[in-house]
Structure formats: C-alpha cells, structure tokens
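K.L.:
my questions concern the predicted model and sequence given below.
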Amino acid sequence: MDFSRRETMKVAMAAGAATLLAPNIARAANPKLVVVGGGTGGATAAKYVAAAAQGGVDVTLVERNPVYMTCYFSNLYLGDHWDYDRLAHNYEAMKAVHGVKVVHAHAQSVGDGAVTLSDGSTLPYDRAIVAPGIDFRYDMYEGFDEEIASTLVPHAYKSGSQLLLLKQQIMAMEDGGTVVIAAPPNPYRCPPGPYERASMVAGWLSKHKPASKVLILDPKTSHSKQGLFVEAWNRLYPGMVEWVGGDFTSGALPVVDAKARSVTTADDEVFEADVLNFIPAQKAGQIAIDSGLTGEGDWASVDPATLESTLVPGVHVLGDACANGDMPKSGFSANSQAKVCAQAVMAAMTGKKAFPPRFRNTCWSLVGDEYGIKVGASYKAGDGKIEKVDGFVSQVGEDDATHAATAAEGFGWYEAMTGDIFG
Amino acid sequence: MSILRNIRVAAVLVAASAPACLAEADEEAEWTDARAATMADGTPGDADYGAYLVQECTACHAPDGAGGVPPIAGIAPGYFREAMAEYASRARENAVMENVARSLGDEELAALSAYFAAQYSEDD
C-alpha cells in the first residue's frame, strides 16, 4: 500500500499524540485479572500478581465476605488453643498496600471474558482465577442440608458461624455424653482435619467433661496420619476416642436424623450422638460447577503447570476446587498453587518469564498441649496432574521435645502463612 | 539475626584469607557469599529465578520472624548455602527443611543466593 504524504503526516501526528498520552493510554490498556474468591488461594494469587505487576495489571478480587475466617486452626479454637478472633483476616493490606480492587459481592458465573455478579453486573477480564473452595454434596444424604447444618448439626468445615455453634453444643453437653464426628469420603478439604478435630475436642473434654467420649464415624477404611493420631489418642486421651472405619460403616453414612442426632450406615446400623458434627462429602465451590469448569465431575480439571482450566480457556482454578493430583486439599497447597498460577497469569498477560512450576505442602496437626505431628511433600507439574516428588511424615514414637517442636512449628507457620496472604 | 549473620560472615572472611586452611576446609567454610551465588560451572545464579523460588519459603518464614520461624529475608548467601547442605545431610534435623533442601539443585541454590545477595547488600 502506498501512503500519500497527507496520510503519512496523519500517522506521524497520531504517533506523536500517542507518545504524549502514553501514561494514560498505558493505564487504560492494562490487562485485567479478576480473581473470584478471597480465601487462601484466591487472595494469595491476587496479591502476588499485583506485587509482580507493579501497577501493570488491574487486579480485582471478588469476595462475598469482608472478613475471611481460616478453616485451618479452627479445630484449635475447639480445643481452646486459639482464639476465634485470631482466625479472622481482612483485605485492608490487599487494597492499601498492593493496589488490589476488592469487590465484596457474590460472583455467580465466569466465562466469555466476564465474571457475572448476583446483581447482574459484570466484571470483564483478560484472565480470571477462580478459587471458590468447597461446597457440599448434600444430595448424597437423606435428612441433611445446609439449613440443618446451620442450626442443628453443624459440619463446621468452613470455619465461621458453624464453628461457633459446634463449640457451643460441646460446651453445653452433659459430662458423659458422646460427640460424634462423621468424617467425609475422599477427596475432601484438609485430610487430617476430622482427626485433628477429634483430638482437640477430646483435649477439651478431658479437662472439662472427662467422662465423655469422641466417636469418629468414617466411610473410609484408613485416614491421614492414622498411626500418629492413634498413638496420641492412646497416650493423651486413653479410652476417650474411638474410630469406627469403613469396614464397620459399610463405607457410607447416608442418613442423618438431625432431631435424634443420629447417623445411619448403609447397613442400617444407627449411631446416636449428644453432639453430632456431620462433615459431608465435598465438591468444588458452586461457581466452578455452574461455570462448566468441572465438566461431569465434582472438581475442576486443570493444566498442572499453569492451573488453567482444561475446559474453559483463560480461566484458572486453584485451591480446594481443582482436581489437584497428588496434592492434598489444604491452605498450604492453595497458597503454593496460587504462586504457580500467579506467574503463569503474569506470563500470559504481560510476557513476563515463567519458571518451572514447583509446589509444596505441609500439614501440621495439633493433637494436644505442645504435641504436634506433621506430613508434607514437594510436587511438580507432571503428565496431566500435579505429581509428588518427595515427602516426609512424623514418626510413631517421637519424643516429647519433637512433638513440642512440631507444634511450635505449626503455630509459626500460621502467622507466616496468613501474613504471606493478607499482609 | 544480624549478629548471627555478621559472625558467619566474619568466619567466612577468616577462612578466605587463609588459603592453606581453605584447601582442607570443611563444607561450611567453603561457602563465601560470592561463591554461593554461582553455580558449580561458574554461571552466575539467576536472581529473578531466586525471587520466584523464595515464594516457597515465605509460606513459613515471615519477613520479621513473626510466629517464631526464623526470618530469612536478607540472609547471608554463604550461610544459606551451608544451612541447606546441613539440612540435606541431616547434620541439622528438620523434616520440612530437609525436604526443601533436597528439592533444590545447584541452579536453585545459586539463584536463591543471588536473590539473597541483592537483599543482603541493600540491607548493609
């Protein structure tokens, strides 16, 4: 194409104008990242992208609640080892220090370049990160739903108000009563969680209502850190904690009677409780399902190197909601995945170099006063899934000093982790 | 922390100024800050890679040591290298750190050292 002199001049003038207006144009042209879910995974990703982009990416975080209550350490509140208020974290630093725009709203769906909120408004994005955590498979049970969980039989597996309800029920129980903890089938958030909970409840009962019992009903035939938990229960709370595994529950606990506070197994055996903590089977947070990120399954399928959805391009899913291969669903895992995802998103939106993804998880469980156990591993992006590289776990028979050091390590981790996310 | 760091630096300087001793020096004395940030083949560590890798550390190590896990921001690179070698060999015992140390190759250790070196010089 031949340019006339006039056209050449117009091009030159336009270029000059663009140069003069460059700062404004650069701001207007910032790529947009929308993060749905301000829990551990989503908040970490928002912060790390904002920090890496230094104003070069518009980061919006959509979160329903003004305060986030961590699920990790919520068991410690039940055992009087942690204050409820210390589970709470806000988004002030996210906004003021890191320049993230925080929108407290309910996101309903994501796709086609926009996140749709419950009021019908939309937030356009170039990339989206979806980190909605878990929701529950109430459809698998007779007599159990969110209303019952909120009022009579708390699952208390999202921290917050149900955690308070569970503790109130335990405190109000007569000495000599039985707290039944119904554990969920795999996969679920925080694999050691139900058993740490049993430990913390037993610890509290042993001090305040020592004739009471803790009964764990499990659809599984084995569980996380099992030998270590059993060792601790036998030593710290002899005769108080009983675990009934999948061989005796017929692998399922399909019926809940909220008024009678009982659970019925697949073989019609009935277990009655004075306090019933029923933790149902789990699935990805509803927005992941409603947005087609989970396909026919319960969890979002992702590329292990980038956490980008294999079903909806441009949308990344991380934390508990994704099918995370060998990694357990945990806060530590979500934080680790968020950092991998953040650099992948930066690479996609700004061309910034991405390094080989690395993942890590450690789960500390407190089982008694100055008595901690841990399990952890390093992971890599493998063929179609996140693969374990190398792991470790506490050993049966460790001495008191080791248990105390592990407990202290766990407390230290909580401070550092929540600072890494919300600081 | 800064006192500990200075002691370590002084020890490394003493070792470095005595070549005859250095030849027989143990692993600890070999890690000068400058050498720590370099791969075995002489390639300088990539501080940008280190900045990515250190994100793995900040899950447990708060910048100010909040919570009691020791801070590592601005750690002396030579000290960092020797600590990683000690965790990997179980001369220092901690299962988490042993796992971390074993996951870091020469390239990663040099990259983290280069990253810490940049922080370290800014601090001092």
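P.N.:
Received the coordinates, thanks.

K.L.:
could you pull out the strands in chain B for me?
P.N.:
Taking DSSP state E, chain B contains no strands at all.

K.L.:
quick one: low-confidence ranges for it?
P.N.:
Residue ranges of chain B with pLDDT under 70: B:1-29, B:121-124.

K.L.:
which helix in it has the most residues?
P.N.:
In chain B, with assignment by DSSP state H, the single longest helix is helix B:106-123.

K.L.:
contacts for that one next, please.
P.N.:
Helix B:106-123 is contacted by residues B:33, B:36-40, B:43-51, B:53-54, B:72-78, B:80-81, B:84, B:104 when judged by Cβ atoms under 8 Å, 6 or more residues apart in numbering or on different chains. Any C-beta I mention is one placed from the backbone N, CA and C, and that applies to glycine too.

K.L.:
avg pLDDT for stretch A:63-75?
P.N.:
Stretch A:63-75 comes out with an average pLDDT of 98.

K.L.:
return the residues of chain B in contact with chain A.
P.N.:
Residues of chain B found near chain A (Cβ under 8 Å from any Cβ of the partner chain) are B:48-49, B:52-53, B:55-56, B:58-63, B:66-69, B:95-96, B:98-100, B:102-103.

K.L.:
in helices, which of those residues fall?
P.N.:
When DSSP H is applied, those are split such that B:D48, B:Y49, B:Y52, B:L53, B:Q55, B:E56, B:A95, B:V96, B:E98, B:N99, B:V100, B:R102 fall in helices.

K.L.:
coming back round to it: filter the contacts of helix B:106-123 down to the buried ones.
P.N.:
Buried subset of the contacts of helix B:106-123 (neighbour count, 16 or more other Cβ atoms under 10 Å in any protein chain shown): B:33, B:36-39, B:45-47, B:49-51, B:53-54, B:72-78, B:80-81, B:84, B:104.

K.L.:
secondary structure element holding A:I373?
P.N.:
strand A:371-381 (DSSP states H and E).

K.L.:
now for that strand, which elements pack on it?
P.N.:
When contacts are defined as 3 or more Cβ pairs under 8 Å, 6 or more residues apart in numbering or on different chains; DSSP states H and E, strand A:371-381 packs onto helix A:226-236, strand A:358-368, strand A:386-393, helix A:400-422, helix B:95-102.

K.L.:
which of these sits most buried?
P.N.:
Sort those by mean neighbour count, taking mean count of other Cβ atoms under 10 Å in any protein chain shown, and strand A:358-368 sits at the top with a mean of 25.

K.L.:
quick one: strands adjacent to it?
P.N.:
Each strand paired with strand A:358-368, and its direction, by DSSP bridges: strand A:371-381 (antiparallel).

K.L.:
what angle do the strand it pairs with and helix A:226-236 make?
P.N.:
With axes from the mean of the first three to the mean of the last three Cα atoms, to 10 degrees defining the directions, strand A:371-381 sits at 170 degrees from helix A:226-236.

K.L.:
tell me where the stretch 251-400 of chain A has strands.
P.N.:
Counting by DSSP state E, counting those that start in this stretch, the stretch 251-400 of chain A has strands at residues A:255-257, A:262-264, A:270-272, A:275-278, A:282-284, A:315-317, A:358-368, A:371-381, A:386-393.

K.L.:
helices or strands up against the first one?
P.N.:
Applying 3+ Cβ pairs under 8 Å, 6+ apart, one finds that strand A:255-257 contacts strand A:262-264.

K.L.:
list the contacts of the strand it packs on.
P.N.:
Outside strand A:262-264, the residues within contact range by Cβ under 8 Å, 6+ apart are A:180, A:182, A:217, A:253-257, A:270-273, A:276, A:278.

K.L.:
okay if I get the strands of the stretch 251-400 of chain A as CSV plus mean pLDDT?
P.N.:
As requested, the strands of the stretch 251-400 of chain A are exported to CSV (pLDDT from 0 to 100):
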stretch, mean pLDDT
strand A:255-257, 98
strand A:262-264, 98
strand A:270-272, 98
strand A:275-278, 98
strand A:282-284, 98
strand A:315-317, 98
strand A:358-368, 98
strand A:371-381, 98
strand A:386-393, 98
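
K.L.:
those strands: which one's closest to A:V62?
P.N.:
A:V62 lies closest to strand A:315-317 among the strands of the stretch 251-400 of chain A, at 13.4 Å (Cβ to Cβ).

K.L.:
list the buried ones in the closest one?
P.N.:
Across strand A:315-317, burial judged by 16+ other Cβ under 10 Å covers A:V315, A:H316, A:V317.

K.L.:
give me the number of residues near the residue of the stretch 201-350 of chain A found nearest chain B?
P.N.:
Nearest residue of the stretch 201-350 of chain A to chain B, counting by Cβ to the nearest Cβ: A:K339, 4.5 Å away. As a burial measure, A:K339 scores 25 neighbours (other Cβ atoms under 10 Å in any protein chain shown).

K.L.:
residues touching it, list them.
P.N.:
Taking Cβ under 8 Å, 6+ apart, we find A:K339 in contact with A:T44, A:A45, A:Y48, B:Y52, B:Q55, B:E56.

K.L.:
and the last one, what does it touch?
P.N.:
Spelled out, it's B:E56. By Cβ under 8 Å, 6+ apart, the residues touching B:E56 are A:S336, A:K339, A:R358, A:R360, B:V100.

K.L.:
recalculate using a threshold of 6 Å.
P.N.:
By Cβ atoms under 6 Å, 6 or more residues apart in numbering or on different chains, the contact list for B:E56 reads A:R360.

K.L.:
what about the residue nearest to A:T249 when sequence neighbours are not counted, distance to A:V255?
P.N.:
Residue nearest to A:T249 in three dimensions, not counting chain neighbours: A:T265, with 4.6 Å by Cβ to Cβ, 6 or more residues apart in numbering or on different chains. Distance of A:T265 to A:V255, computed by Cβ to Cβ, to the nearest Å: 8 Å.

K.L.:
picking up where we left off before, nearest to A:A29, of the helices and strands packed on strand A:371-381?
P.N.:
helix A:400-422 (29.2 Å).

K.L.:
name the surrounding residues that touch the closest one.
P.N.:
Here helix A:400-422 makes contact (Cβ under 6 Å, 6+ apart) with A:40, A:43-44, A:73, A:89, A:364, A:366, A:370-372, A:374, B:58-62, B:66-69.

K.L.:
in ChimeraX, select just the buried ones from the residues you listed.
P.N.:
Entered in ChimeraX, the line below selects the buried ones among the contacts of helix A:400-422, by 16+ other Cβ under 10 Å:
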select /A:40,43,44,73,89,364,366,371,372,374 /B:58,59,60,61,62,66,67,69
